[in-house]
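Asks: Here's my sequence, what's the structure:
(2 chains)
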Amino acid sequence: MSEESTPLADEEEDRRLMGLVAAGDDDALRLLVHRHHARLIGYLRSEVGSQATAEELAMEVFIRLHRAASRWRPEAKLSTYLIHIARNLVLNEWRRRSRKPTSALESAPEPGDAAPESGRRVGELEEAFSRAVAQLPEEQRTAILLFVQQEMPYEEIASAMGCPVSSVKTWIHRARARLKELMLDFYGPES
Amino acid sequence: MERRPAEHFDRDLEAALVRGRAMPVPGFAGRVVTAVHADRLRRAVIRWGSGLSAAAACLVAALMLDAPSEEALIVEARSLVAAEESAQFHELLSLADDLALLQPVIERPALIEDLADGGS
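Replies: Prediction:
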């Protein structure tokens, strides 16, 4: 029998763990955080451009999740709910700073970014994409990050962003178009 | 840098973004549990603090309601003053209880007496 988990089994496990968290089970909370923190921090880092800030915000997301555990109803996937909280915190963070991040390169370089010569070109391209994504308007950036990076379907993105599916599709379309403009120097003409 | 075929754009975008999809942080779950405990304690302190403040406010309100109001004090003061004034008036007026004091003293002038006698 296969041990591989399915999305449905994952959702079921999340519900079970949330029930335990609501009852004050710290081990369940630890397990829940372990299951979700990596992707949450990945998303937050792409949004705010700083590993430290991303970790701080992710911490706050889980604290808020814990506070709401007894009231939580599994109407949406837990991961979608986490992204919803995270996005609100990101918006608050920008309001607090009164500016948007100008570049995703505020963060420290990843180990191995500079070392191999063969990877330098790929690194430059990724860096350019990161800069371009950081320049997108807020809704477009969030939508493209959730769609491409987090592989979320349109419906879940709409739920996380609290908007209609049609808006999500529009933002993603515009984000792609804008990114193509910003990355014009890297690509030849379309055939 | 050599320009890449435009057809590679979507693939490159995905590759660039997917690289940052998951950022596992060792020990993060433990940090969250510690932070949650601190948050729970902080909220308990706030809850107790607000409860004690409400109880203190109730106590003060009860004491205030139990004490006579400002209007009642004014009415009481007025009645005392009125009683005091009344006693003074009574003391003064009791001397004239026989009304003699209040009866006007009318002395007929001598001229009128003479005229009255001469005319008769």
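
Asks: List the buried residues for stretch A:160-169?
Replies: For stretch A:160-169, a neighbour-count test (16 or more other Cβ atoms under 10 Å in any protein chain shown) marks A:160, A:161, A:167, A:168 as buried. C-betas here are computed from N, CA, C, even on glycine.

Asks: Check what pLDDT residue 87 gets.
Replies: Went with chain A since none was named. Residue A:87 is assigned 95 on the pLDDT scale.

Asks: Chain B was what I was after
Replies: On the pLDDT scale, residue B:87 is placed at 72.

Asks: ok, the residue nearest the centre of chain B to residue B:53 distance?
Replies: Closest residue to the average C-alpha location of chain B: residue B:61 at 9.3 Å, with Cα atoms, centre = their mean. Separation of residue B:61 from residue B:53 (Cβ to Cβ, to the nearest Å): 12 Å.

Asks: phi, psi of residue B:4?
Replies: Phi and psi for residue B:4, reported as degrees, to the nearest 10, are phi -90, psi 150.

Asks: Redo the buried residues of stretch A:160-169 as JSON lines? Include pLDDT and distance to residue A:122.
Replies: Below are these laid out as JSON lines (pLDDT from 0 to 100; distance: Cβ to Cβ, whole Å):
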{"residue": "A:160", "pLDDT": "93", "distance to residue A:122": "30"}
{"residue": "A:161", "pLDDT": "94", "distance to residue A:122": "31"}
{"residue": "A:167", "pLDDT": "97", "distance to residue A:122": "33"}
{"residue": "A:168", "pLDDT": "97", "distance to residue A:122": "29"}
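
Asks: Of these, just say which sits nearest to residue B:85.
Replies: Closest to residue B:85 out of the buried residues of stretch A:160-169 is residue A:161 (80.2 Å), distances taken as Cβ to Cβ.

Asks: Can you verify my assumption that the closest one contacts residue A:168?
Replies: Yes: counting by Cβ atoms under 8 Å, residue A:161 touches residue A:168, with 6.8 Å between them.

Asks: Could you name every residue contacting both of these two?
Replies: Residues within reach of residue A:161 and of residue A:168 at once, by Cβ atoms under 8 Å, 6 or more residues apart in numbering or on different chains, are residue A:143.

Asks: and whichever helix in chain A runs longest, is it in reach of chain B?
Replies: The longest helix of chain A (DSSP state H) is helix A:26-48. Yes: Helix A:26-48 reaches chain B (Cβ under 8 Å from any Cβ of the partner chain) through A:26, A:29-31, A:33-34, A:37-39, A:41-42, A:45-46.

Asks: Direction-wise, compare the helix or strand just after that helix with helix A:26-48 and give the angle.
Replies: Under the assignment DSSP states H and E, the closest C-terminal helix or strand after helix A:26-48 is helix A:51-67. Helix A:51-67 and helix A:26-48 are oriented at 140 degrees to each other (axes from the mean of the first three to the mean of the last three Cα atoms, to 10 degrees).

Asks: If you count contacts, what does helix A:51-67 end up packed against?
Replies: helix A:26-48, helix A:78-97, helix B:28-66 (3 or more Cβ pairs under 8 Å, 6 or more residues apart in numbering or on different chains; DSSP states H and E).

Asks: Mind listing what's buried along that helix?
Replies: A:51, A:53-55, A:57-66.

Asks: now do stretch A:85-101
Replies: Buried-residue list, stretch A:85-101, by 16+ other Cβ under 10 Å: A:85, A:86, A:87, A:89, A:90, A:93, A:101.

Asks: on that earlier part again, out of the residues of helix A:26-48 next to chain B, which two sit at the greatest distance?
Replies: The largest separation in those, counting by Cβ to Cβ, is between A:26 and A:46 at 29.7 Å.

Asks: who's more crowded, the two?
Replies: Higher neighbour count among residue A:26 and residue A:46: residue A:46, with 27 against 17, using other Cβ atoms under 10 Å in any protein chain shown.

Asks: and among the helices and strands packed on helix A:51-67, the most buried is which?
Replies: Sort those by mean neighbour count, taking mean count of other Cβ atoms under 10 Å in any protein chain shown, and helix A:26-48 sits at the top with a mean of 22.

Asks: Serialize the residues of helix A:26-48 next to chain B to JSON lines and add fields for distance to residue A:135.
Replies: Below are the residues of helix A:26-48 next to chain B laid out as JSON lines (distance: Cβ to Cβ, whole Å):
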{"residue": "A:26", "distance to residue A:135": "42"}
{"residue": "A:29", "distance to residue A:135": "37"}
{"residue": "A:30", "distance to residue A:135": "38"}
{"residue": "A:31", "distance to residue A:135": "38"}
{"residue": "A:33", "distance to residue A:135": "32"}
{"residue": "A:34", "distance to residue A:135": "34"}
{"residue": "A:37", "distance to residue A:135": "28"}
{"residue": "A:38", "distance to residue A:135": "26"}
{"residue": "A:39", "distance to residue A:135": "24"}
{"residue": "A:41", "distance to residue A:135": "22"}
{"residue": "A:42", "distance to residue A:135": "20"}
{"residue": "A:45", "distance to residue A:135": "17"}
{"residue": "A:46", "distance to residue A:135": "13"}
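
Asks: Cool, thanks, talk later.
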